[in-house]
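Participant: pasting the structure only:
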C-alpha cells in the first residue's frame, strides 16, 4: 500500500464533511483527511501559522479540495494566494463547486486549479465522485510536496 495521502478539505457544512469521510471509509483508501472551514483558515493551515503551526499534526497536503463559495475568503482568492507560494506550487487543487458557470471554470483554471468538478446532487453520486478522486490520487505519481514551512518575513 502506498504512503498515506494528506487531503485538506475546505468546507463549512458538516454534512459535506461527512460525505467526504464516508467516501474515504467506503473506499478503504489510505487518505488522512484534514478539514478547515473557510478560506482564511485554509491559508493559516498552509502557512503553518496559529493553531496549524505543528507540521507533524498539520502536514502540507498532497491535495486540497476547494470550494469557490466560502466565508471570509472565497476560493478564487485562496487559489490566487496559494499559487503565489513557491513552497506550495506542487499541491494539487481540485475545485469542488456547485457552480457550473463556464466563467468560474475558466477563472479557476487560470488561477492554477488542477481540475474543476461540479458537486453532484445525490449522496451516492457524491460518494462515487470522491472515491474516484481519492483512487486517482493513490494511483498517480505526484512530485513530492515541499514540506518546508514558509519562513516568516
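Facilitator: Here it is on my side, so go on. If you're wondering where the values come from, they're calculated on a predicted model, not measured in any experiment.

Participant: Residue 106 and residue 114, how far apart?
Facilitator: Using CB to CB, to the nearest Å, residue 106 is found at 14 Å from residue 114. The way it works is simple: take the backbone N, C-alpha and C, and place the C-beta from them, glycine included.

Participant: same check, this time on residue 131
Facilitator: 18 Å.

Participant: These two: which is more packed in?
Facilitator: residue 131 (17 against 13; other CB atoms under 10 Å).

Participant: Which secondary structure state is assigned to that one?
Facilitator: helix (DSSP: H, G, I helix; E, B strand; the rest coil).

Participant: now it: how far from residue 104?
Facilitator: 24 Å.

Participant: Show the residue spans covered by the helices in this structure.
Facilitator: 14-27, 39-47, 75-82, 102-110, 123-139 (DSSP state H).

Participant: give me the beta-bridge partners of the residue nearest the centre of the chain?
Facilitator: Closest to where the C-alpha atoms of the chain average out (CA atoms, centre = their mean) is residue 64, at 1.5 Å. Taking DSSP bridges as the rule, residue 64 bridges to residue 8, residue 93.

Participant: quick one, what contacts it?
Facilitator: Contacts for residue 64 (CB atoms under 8 Å, 6 or more residues apart in numbering) come out as 7, 8, 9, 10, 42, 82, 91, 92, 93, 94.
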